[in-house]
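K.L.:
based on what follows, work out the 3D shape:
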Amino acid sequence: MKRLIQALGHAVGIRFAPDNHVVPVLRLGQFNRVEGPGFFCIIPLIEQSLPAVNTGLRVANLSFREVLSRDKIVFTFYLVVLFAFEPSMLSKEVAAQLVRAPEGLLRSIVEGYASQGLRRLASAFDAEDLCGKSALSNIERDLTRFLRAQLHVLGLVPSKNGGVLIMEIVAPDRFKRTMLNVKRHEAILRMLSKYEDSELIERAVMAEFLTGLEERGGDLTLLSPLDAIYPLCSLTTEKVSGRDVQ
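P.N.:
As a prediction, the model looks like this:
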């Protein structure tokens, strides 16, 4: 009986779209509108319904390699973008294309814009800052705003709050080692600041700097966090023996 009722309803043009779905409707083969969720009617023989389109929350797990910081250190970002597809907000011309698009295409569009925005935002921070929570929170917030502004015309809407979540950021091993060395240098400098012989301090700082440079084959790029160390004979203007160590 249930199947009979469904068949009769279908014959007279009654259709149904489940929750969080809409159904594209063609009229004489051309896109006309979207209907649903719930029951709706089409004109038999003139109109045709296409498979339902999901308008609920979608989750895109994305990874981006070779994301450069301001000081040219390469990171890998793993993030999640939460977004919905709302074809009802589109013009007919755009909706006619996207309502028939495979699921993977919508994800690819989001991924492309997320890559563009992430790389631009990350390049505003030094590598050391990118390892901190404050910078990542700012990137999450600003990337969400960027995606909402750019994807609106395509009916793709990232969640306003928590639309982008950075799950992990991976730094190069050499950079990690460099940061550990920086902490060691800082500890040495604190110890040296207790001595009165400024020449000894300068020679010790130079020795540490040259050791690090030798370990990296002369590559100064990864020593960028040490920029403050040899010109760290400026010990942030700490007084040693009654004068600045500079």
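
K.L.:
in the protein, which spans are helices?
P.N.:
Ranges of helices within the chain are 2-11, 92-98, 103-122, 127-130, 133-151, 173-192, 198-215, based on DSSP state H.

K.L.:
how about the nearest residue to Arg65, chain neighbours excluded?
P.N.:
Among residues not flanking Arg65 along the chain, Thr76 sits closest, at 4.9 Å (C-beta to C-beta, 6 or more residues apart in numbering). Placement of C-beta: from N, CA and C, glycine included.

K.L.:
just the pLDDT for the one you found.
P.N.:
pLDDT recorded at Thr76 is 93.

K.L.:
hmm, Val67 and it touching each other?
P.N.:
Yes. Using C-beta atoms under 8 Å, Thr76 makes contact with Val67 at a distance of 7.0 Å.

K.L.:
okay, the two: which has more neighbours?
P.N.:
Remark: of Thr76 and Val67, Val67 carries more neighbours, 19 against 14, as counted by other C-beta atoms under 10 Å.

K.L.:
list the contacts for the more buried one?
P.N.:
Val74, Phe75, Thr76, Phe77, Leu118, Arg119, Ala122 (C-beta atoms under 8 Å, 6 or more residues apart in numbering).

K.L.:
any quick ChimeraX command for the buried ones out of those residues?
P.N.:
To isolate the buried ones among the contacts of Val67 in ChimeraX, judged by 16 or more other C-beta atoms under 10 Å, type:
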select :75,77,118,122
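
K.L.:
which parts of the chain belong to which domain?
P.N.:
2-53, 58-171, 174-244 (automatic domain parsing).

K.L.:
okay, now the second one: how far is its last residue from its first?
P.N.:
In this case it means domain 58-171. The first and last residues of domain 58-171 sit 28 Å apart, counting by C-alpha to C-alpha, to the nearest Å.

K.L.:
and Phe146, what does it touch?
P.N.:
Residues near Phe146 by C-beta under 8 Å, 6+ apart: Tyr113, Gly117, Leu121.

K.L.:
can you rerun that using 6 Å?
P.N.:
Listed by C-beta atoms under 6 Å, 6 or more residues apart in numbering, the contact partners of Phe146 are Gly117.

K.L.:
Phe16 pairs with what?
P.N.:
Here Phe16 sits in beta bridges with Phe39, going by DSSP bridges.

K.L.:
what's around it, how many residues?
P.N.:
For Phe16, the neighbour count with other C-beta under 10 Å is 17.

K.L.:
could you do Val53 as well?
P.N.:
By other C-beta under 10 Å, the residues close to Val53 number 24.

K.L.:
quick check: the residue nearest to Ser63 when sequence neighbours are not counted vs Val157, distance?
P.N.:
With sequence-adjacent residues excluded and distances taken as C-beta to C-beta, 6+ apart, Ser63 is closest to Tyr78, at 5.0 Å. The gap separating Tyr78 from Val157 is 22 Å, by C-beta to C-beta, to the nearest Å.

K.L.:
picking up where we left off before, now for the contacts of Val67: which two are most distant?
P.N.:
Val74 and Leu118 (13.4 Å; C-beta to C-beta).

K.L.:
among the domains of the chain, show the one with the smallest mean pLDDT.
P.N.:
Note on the domains of the chain: domain 174-244 shows the lowest mean pLDDT, a mean of 55.

K.L.:
neighbour-wise, which of Tyr78 and Val157 wins?
P.N.:
Using other C-beta under 10 Å as the criterion, Tyr78 and Val157 rank with Val157 on top: 19 against 14.

K.L.:
pretty sure the more buried one contacts Ala84?
P.N.:
Yes. Counting by C-beta atoms under 6 Å, Val157 touches Ala84, with 5.1 Å between them.

K.L.:
ok, the residue nearest to Glu35 when sequence neighbours are not counted - contacts?
P.N.:
Leaving aside its sequence neighbours, Glu35 sits nearest to Val23 (C-beta to C-beta, 6+ apart; 5.2 Å). By C-beta under 6 Å, 6+ apart, Val23 lies in contact with Ala17, Glu35, Gly36, Ser49, Ala52.
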